[in-house]
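Q: need coordinates for the below:
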Amino acid sequence: MNTNRGWCLLGLTLVIGIGAAGCQKKEDMSKMFKTPPRPAELDRLDSFAGTWEWTGEMKMAGSDKVTPFKGTGIIAWEADNWALVEKSSMSMGDSADRMSGLAIWSYDLPRRKYRFYGTGAMGTFSGWGTYDDKSQAWKFSGTSEMGGQKTCGKGTMRFVDQNTMEWSQSEYAFLGLIKVMDMKGTGRRK
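A: As a prediction, the model looks like this:
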């Protein structure tokens with residue numbers, strides 16, 4: 001591109017951009033920063049709040065070996081009760097090494113789904129969850145990256161009673177075509 005043509009395109013872009021900005025409707029700044037009403041759907045996450053002890057097992061695809069794990073999680077409301085945050089710690093198998101993590105649940109009103117994010121020593125994950133009234137279970141799906149491997153997963157969580165939760169999850173690689181891991185566990189409120 002010749003230099004004069006480049007300067008002309010840059011000038012034209014600036015003129016159009018400044019003109020378009022001047023045509024925008026003036027907004028009242030107080031409306032722009034007003035907190036919207038908190039979605040009632042967030043209240044469904046209340047059942048997760050508390051201190052939990054986790055036990056479970058993991059089995060890699062193609063192996064008969066079952067690796068147990070255990071841990072703890074403290075789950076509490078943050079950000080003016082718009083986000084449920086879990087701080088966790090766990091160990092796997094016979095290892096004395098502990099891994100910690102952080103997870104956040106919130107509600108995406110336009111999509112009408114729960115959104116979650118997490119990170120820790122094992123990697124990152126994010127996804128969506130829904131609550132099914134008929135089965136009284138949470139269903140979730142998402143993607144993760146652990147140890148350099150990208151996977152997608154799906155699972156369920158169900159409260160057996162007010163202080164006991166059961167969950168299961170499967171992870172898949174290669175665009176969800178190959179199962180790489182199954183996990184299941186139980187959480188008990190302390």
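
Q: use CA for all of it now, contacts and neighbours both
A: Will do.

Q: which residue packs closest to the residue nearest the centre of the chain, ignoring adjacent ones?
A: Nearest to the geometric centre of the chain sits residue 116, at 2.0 Å (CA atoms, centre = their mean). Among residues not flanking residue 116 along the chain, residue 105 sits closest, at 4.4 Å (CA to CA, 6 or more residues apart in numbering).

Q: so which strand or helix has that neighbour?
A: Element membership of residue 105, judged by DSSP states H and E, is strand 99-108.

Q: and the helix or strand following that strand, what other elements does it pack with?
A: For strand 99-108, the following helix or strand on the C-terminal side (DSSP H and E) is strand 113-120. Contacts defined by 3 or more CA pairs under 8 Å, 6 or more residues apart in numbering; DSSP states H and E place strand 113-120 against strand 99-108, strand 123-132.

Q: including mean neighbour count and mean pLDDT, could these go into TSV?
A: Formatted as TSV, the helices and strands packed on strand 113-120 follow (neighbours: other CA atoms under 10 Å; pLDDT from 0 to 100):
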stretch	mean neighbour count	mean pLDDT
strand 99-108	19	95
strand 123-132	18	95
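
Q: what would these look like in a markdown table with distance to residue 61?
A: Output for those, formatted as a markdown table (distance: least, CA to CA, whole Å):
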| stretch | distance to residue 61 |
| --- | --- |
| strand 99-108 | 23 |
| strand 123-132 | 19 |
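
Q: quick one, which of these is nearest to residue 91?
A: The closest of these to residue 91 is strand 99-108. By CA to CA, the value is 6.2 Å.

Q: ok now that closest one, how far from the chain's centre?
A: 6 Å (CA atoms, centre = their mean, to the nearest Å).

Q: walk me through which strands that strand pairs with, and which way each runs.
A: strand 83-92 (antiparallel), strand 113-120 (antiparallel) (DSSP bridges).

Q: ok so, going back, isn't the residue nearest to the centre of the chain right up against residue 128?
A: Yes - with contact defined as CA atoms under 8 Å, residue 116 reaches residue 128; the gap is 6.2 Å.

Q: residue 73 and residue 53, how far apart?
A: 7 Å (CA to CA, to the nearest Å).

Q: neighbour count winner among these two?
A: residue 73 (22 against 18; other CA atoms under 10 Å).

Q: hang on, the more buried one packs against residue 52?
A: Yes - in this structure, residue 73 is within contact of residue 52 by CA under 8 Å, at 5.1 Å.

Q: residue 190 is nearest to which of the strands paired with strand 99-108?
A: strand 83-92 (14.0 Å).

Q: state the mean pLDDT of the closest one.
A: Strand 83-92 carries an average pLDDT of 95.
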